[in-house]
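In: Build me a structure from this.
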Amino acid sequence: MAGIGFELRRILRNDSFTSLLGAYGLAGVISSGPWVLSVLGVMLIGIISINLSIPGSDVVQFLVSVTYLMSISLIVSGLFQHVFTRWVADRLYENRNPVILPNLMGVIWVSTLLALAISFPVLMWFFPDTSVMYKLLMLANFVVLCNLWPVTIFLSSMKSYRRIVVIFALGYATAVTASLQLAGFGLEGLLTGLLIGHSLLFFSFFYTIIRQYPGETLIRFDFTRRKQIFPALIFTGLLFNAAVWADKFIFWFHPDTSDPIIGLLRASIIYDLPIFLAYLAIIPGMAVFLVRMETDFSEAYERFYDAVRNGDTIGRINDFRDDMVRVARNGIYEICKVQGLTVVILFLWGGELLSAIGISTLYLPLFYIDLVAVSIQLILLAIQNVLFYLDARGINLTLCFLFLTSNVVFTLITINLGASFYGYGYAAATLVSALAGLALLSRKFDRLEYETFMLQGR
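Out: Numbers count the residues shown, from 1 in each chain. All right, here's what the predicted structure looks like:
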């Protein structure tokens with residue numbers, strides 16, 4: 001969305017080291033805040049809880065329960081992620097801002113009903129021997145998370161950036177503090193604290209959205225109209241989030257790689273820690289990704305299509321097209337450089353890092369391959385973002401389907417090959433998908449003029 005792009009450009013105009021740090025810091029919070037800070041907050045609760053002599057079984061059950069809440073809520077909210085983002089962007093382009101808030105209310109209602117429809121049978125089936133309070137807290141946390149993720153769609157379009165940073169800090173500080181204060185009540189106390197923190201995040205962001213996008217009616221469902229949405233985007237969001245979590249679910253439920261934790265929920269002790277630590281390492285790359293996409297590439301994109309719309313000369317249009325290709329290539333290259341440097345640093349000091357946080361260095365080989373895998377996934381995300389700018393919905397859907405199927409197939413193969421191959425399935429899936437994405441993006445750029453002029457009536 002344009003909001004974050006304008007702000008980043010304004011900060012970078014100062015042309016100082018401080019402004020550069022400010023731009024990348026803001027981009028890091030906005031791009032990775034919703035889920036990376038969730039992982040950090042939950043891990044912090046777990047670490048402090050153990051140090052406070054809270055029973056280890058309660059902490060493990062809490063961490064596993066929250067991991068499932070995060071994963072399934074992200075997959076479910078993937079149904080709205082891209083399609084509603086595009087719907088909002090189209091309405092902003094039409095200057096129909098008053099319809100945005102009522103439709104967000106509609107999304108929240110649909111998301112809530114869907115979360116409840118999923119939760120009730122799952123809680124009855126997967127948690128037969130757990131307390132009623134545990135089931136209610138899992139239900140409440142799941143509903144709040146399913147609504148929190150769609151609300152974060154608006155983060156990149158808001159102009160209250162200091163407010164956003166403060167809300168993130170306050171929300172997760174509240175979650176950690178409340179969980180630790182209620183830890184004496186066991187697993188239920190920890191889940192209650194997390195619910196308080198995420199609820200504060202949701203209602204604070206929702207209040208900010210109300211201030212920026214006041215509506216004329218309470219609720220609308222325009223986003224469900226076939227003429228205003230692109231169904232491919234629904235499946236793109238769903239398949240991508242499912243692909244990201246596919247290998248984790250396979251490890252969780254494969255009998256050779258998992259153990260029962262609570263109810264029918266299982267966890268893979270050997271696989272979970274390295275992969276979640278590796279995800280924290282992509283924060284620098286995510287910051288570069290957002291800055292490059294929302295400043296350099298968006299400007300080049302606007303120049304090209306402004307020239308097309310205004311009937312500029314074919315020579316200038318070709319020049320703008322070449323400039324857009326160059327900026328996209330340089331942006332992906334810069335992401336590779338920054339993330340590559342991050343990987344090298346963690347390769348050099350990974351053992352010391354794991355030892356410092358109390359994790360066995362036996363996890364190092366898996367941590368290394370997971371670092372490479374999540375870094376390639378970041379490149380795939382950058383490629384898909386460029387394709388979204390170019391409205392290549394079919395290509396993005398194809399890449400998501402390839403990512404999902406290859407992750408499932410390769411993960412199953414590597415599990416059967418033995419422990420020394422764990423993580424290579426996920427890495428291979430990201431590599432195959434990223435290479436396919438680069439090839440398809442290159443082909444899209446080669447055909448850009450033809451598709452712009454000859455297929456615009458479709």
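
In: Quick one: mean pLDDT for stretch 433-444?
Out: Across stretch 433-444, pLDDT averages out at 94.

In: Revised request: answer the last question for stretch 350-359.
Out: Rounded mean pLDDT across stretch 350-359 is 81.

In: Can you give me the buried ones in that stretch?
Out: Of the residues in stretch 350-359, 350, 353-354 count as buried by neighbour count, 16 or more other CB atoms under 10 Å. Just so you know, the C-beta spots here come from the backbone N, C-alpha and C atoms, and that holds for glycine as well.

In: which one among those residues gets closest to D272?
Out: L354 (14.0 Å; CB to CB).

In: in which helix or strand would I find the closest one?
Out: Using DSSP states H and E, L354 maps to helix 314-356.

In: I261 now?
Out: strand 259-262.

In: Pull up the pairing partners for the following helix or strand past that strand, direction included.
Out: Using DSSP H and E, the helix or strand that follows strand 259-262 in sequence is strand 265-267. Sheet pairing of strand 265-267 (DSSP bridges) gives strand 259-262 (antiparallel).

In: Pull up the per-residue confidence for the closest residue in space to L145 that isn't next to it in sequence.
Out: Closest residue in space to L145, ignoring its immediate chain neighbours: S73 at 3.8 Å, by CB to CB, 6 or more residues apart in numbering. For S73, the pLDDT comes out at 92.

In: hang on, S73 in a helix?
Out: Yes - assignment of S73 by DSSP: H, G, I helix; E, B strand; the rest coil places it within a helix.

In: I'd assumed L139 was in contact with it.
Out: No - contact criterion CB atoms under 8 Å: S73 and L139 do not qualify, at 11.8 Å.

In: Same drill for the two, tell me which one is more crowded.
Out: S73 (23 against 17; other CB atoms under 10 Å).

In: how close does the more buried one get to V66?
Out: Between S73 and V66 the computed distance is 10 Å (CB to CB, to the nearest Å).

In: same check, this time on I108
Out: Distance, I108 to V66, by CB to CB: 22 Å.

In: likewise R321?
Out: For R321, the distance to V66 - CB to CB - is 46 Å.

In: Over to V288?
Out: Distance from V288 to V66, by CB to CB: 29 Å.

In: do the same with P102
Out: Taking CB to CB, one finds P102 at 32 Å from V66.

In: neighbour count winner among these two?
Out: V66 (23 against 18).

In: Give me the phi and psi for the residue of the chain most remote from its centre.
Out: Using CA atoms, centre = their mean, the residue of the chain lying farthest from its centre is T313. It sits 40.1 Å away. Backbone torsions for T313, taken as degrees, to the nearest 10, come to phi -70, psi 150.

In: confidence score at it?
Out: If you check T313, the pLDDT there is 82.

In: on that earlier part again, residues that sit against both of S73 and L139, list them.
Out: Common contacts of S73 and L139 (CB atoms under 8 Å, 6 or more residues apart in numbering): none found.

In: Where does pLDDT dip in the chain?
Out: Judged by pLDDT under 70, the chain has its weakly predicted residues at 1-44, 46-54, 155-162, 294, 450, 452-458.

In: ok, back up a step: tell me how far the strand holding I261 lies from the chain's centre.
Out: 27 Å (CA atoms, centre = their mean, to the nearest Å).

In: how about that strand: buried residues?
Out: In strand 259-262, counting by 16+ other CB under 10 Å, buried: 261-262.

In: And stretch 110-128, by the same measure?
Out: 110-111, 114-115, 118-119, 122-123, 127.

In: what's that stretch in contact with?
Out: By CB under 8 Å, 6+ apart, stretch 110-128 touches 72-73, 76-77, 79-80, 134-135, 138-139, 142-143, 146-147, 150, 221, 262-265.

In: picking that back up, how about JSON lines for the buried residues of stretch 110-128, with secondary structure and distance to N97 added?
Out: Putting these into JSON lines (DSSP: H, G, I helix; E, B strand; the rest coil; distance: CB to CB, whole Å) gives the following:
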{"residue": "V110", "secondary structure": "helix", "distance to N97": "21"}
{"residue": "S111", "secondary structure": "helix", "distance to N97": "22"}
{"residue": "L114", "secondary structure": "helix", "distance to N97": "26"}
{"residue": "A115", "secondary structure": "helix", "distance to N97": "28"}
{"residue": "I118", "secondary structure": "helix", "distance to N97": "32"}
{"residue": "S119", "secondary structure": "helix", "distance to N97": "33"}
{"residue": "V122", "secondary structure": "helix", "distance to N97": "38"}
{"residue": "L123", "secondary structure": "helix", "distance to N97": "39"}
{"residue": "F127", "secondary structure": "coil", "distance to N97": "43"}
